[in-house]
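Trainee: the amino acid sequence is not available; the structure is as follows:
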């Protein structure tokens, strides 16, 4: 399983626009083959910094989503709202805590 964390910094006056884009896309992303989980988080101390956390069965599932028309159209609506370059991390769990 792959956990994908994406950190995004938005222009302060564009956060509502981003939340609207995410809200319109979230169920379609969750319905993608291999997507087990998707959530949106906002930084407690910096309200224009958001994180998406998603879990994918395999890297290929994540890659298929990233190459999809859904990703391209969602990203096109999102990228002009940024205040800084986003960063993304793909993680594999090493130890499962009880």
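Mentor: That came through fine. The model shown is predicted, which means the values in this text are computed figures rather than measured ones.

Trainee: from here on, just use CA atoms for contacts and neighbour counts.
Mentor: Noted.

Trainee: what's the helix or strand for residue 6?
Mentor: strand 2-9 (DSSP states H and E).

Trainee: which of the residues in that strand are buried?
Mentor: For strand 2-9, a neighbour-count test (16 or more other Cα atoms under 10 Å) marks 2-5, 7-9 as buried.

Trainee: could you do stretch 24-44 as well?
Mentor: Applying 16+ other Cα under 10 Å to stretch 24-44 flags 29-30, 32, 34-36, 38, 42 as buried.

Trainee: between which two of the buried residues of strand 2-9 is the distance greatest?
Mentor: 2 and 9 (22.9 Å; Cα to Cα).

Trainee: mind listing the helices for the protein?
Mentor: For the chain, the helices defined by DSSP state H occupy 15-30, 59-66, 69-78.

Trainee: turn those helices into TSV, columns for distance to residue 87 and mean pLDDT.
Mentor: Formatted as TSV, those follow (distance: least, Cα to Cα, whole Å; pLDDT from 0 to 100):
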stretch	distance to residue 87	mean pLDDT
helix 15-30	16	97
helix 59-66	15	96
helix 69-78	14	96
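
Trainee: right, and the ones you listed - which one's nearest residue 97?
Mentor: helix 59-66 (23.0 Å).

Trainee: what's the average pLDDT for the strand holding residue 6?
Mentor: Per-region confidence: strand 2-9 scores 98 on mean pLDDT.

Trainee: partners of that strand in the sheet?
Mentor: Sheet pairing here is set by DSSP bridges, and for strand 2-9 it gives strand 49-56 (antiparallel), strand 87-91 (antiparallel).

Trainee: and the gap between the residue nearest the centre of the chain and residue 3?
Mentor: Nearest to the geometric centre of the chain sits residue 52, at 3.7 Å (Cα atoms, centre = their mean). Distance of residue 52 to residue 3, computed by Cα to Cα, to the nearest Å: 10 Å.

Trainee: contacting residues for the nearest residue to residue 56 once chain neighbours are set aside?
Mentor: Nearest-residue entry for residue 56: residue 35, 4.6 Å, with adjacent residues in sequence omitted and distances by Cα to Cα, 6 or more residues apart in numbering. Contact analysis of residue 35 by Cα atoms under 8 Å, 6 or more residues apart in numbering lists 29, 54-57, 61-62.
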